[in-house]
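Engineer: just the structure for this:
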Amino acid sequence: MERYAYYVCFKCGKAYFGGEARCALEADGGDNFDPEELVCGGCSDVSQAQICPKHGKEYLGYKCRFCCSEAVFFCFGKAHLCKACHGNYFRLRMISKAKLPKCPVAPKAVPMDPGECPLHVKHPATGEEFALGCGMCRNVQNF
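Structural biologist: Okay, here's the model as predicted:
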């Protein structure tokens, strides 16, 4: 329990895994947060997600909040992040949504030359949470 951070979802009221405890302690001392931002994976952006008929919401993959990469971390109880953006979270979170670059965006919120999004999907603006769909089915298609 000391290694991991758990939060109570603002929407459903259930406890959920929100990353490693050391990340929670680094984020504003661990106490300065908006409870409305604490939303579990099942409630997070599900309205825009394509729910898999075979696997439901369990294997949803997410876009990184700050770039056009697939997220590999869910940290700070509220953010899906790629490895590079996770390492730069404290700098990136200080950028207002209006000032974040527009798609396509490389890791660390670096603008890319105009062109097709590396994710090859239409998604909300940088700074928003977005579910990419079922990761299990996407992986099966790659084999």
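Engineer: part of a strand, is Pro103?
Structural biologist: One correction, residue 103 is Cys, not Pro. No - the secondary structure assignment for Cys103 gives coil rather than a strand, going by DSSP: H, G, I helix; E, B strand; the rest coil.
Engineer: got the buried residues for stretch 119-128?
Structural biologist: Buried residues in stretch 119-128, counting neighbours by 16 or more other C-beta atoms under 10 Å, are found at 119, 126-127. (Glycine included, C-beta is placed from N, CA and C.)
Engineer: doesn't Pro104 make contact with Met112?
Structural biologist: Yes - with the criterion set as C-beta atoms under 8 Å, Met112 and Pro104 qualify as a contacting pair; they are 4.2 Å apart.
Engineer: common neighbours of those two, please.
Structural biologist: 68, 118 (C-beta atoms under 8 Å, 6 or more residues apart in numbering).
Engineer: that older thread, can I get the buried residues of stretch 119-128 in a markdown table with distance to Ala84, secondary structure and pLDDT?
Structural biologist: Rendered in a markdown table, the data for these read as follows (distance: C-beta to C-beta, whole Å; DSSP: H, G, I helix; E, B strand; the rest coil; pLDDT from 0 to 100):
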| residue | distance to Ala84 | secondary structure | pLDDT |
| --- | --- | --- | --- |
| Leu119 | 15 | coil | 93 |
| Thr126 | 14 | coil | 95 |
| Gly127 | 16 | coil | 93 |
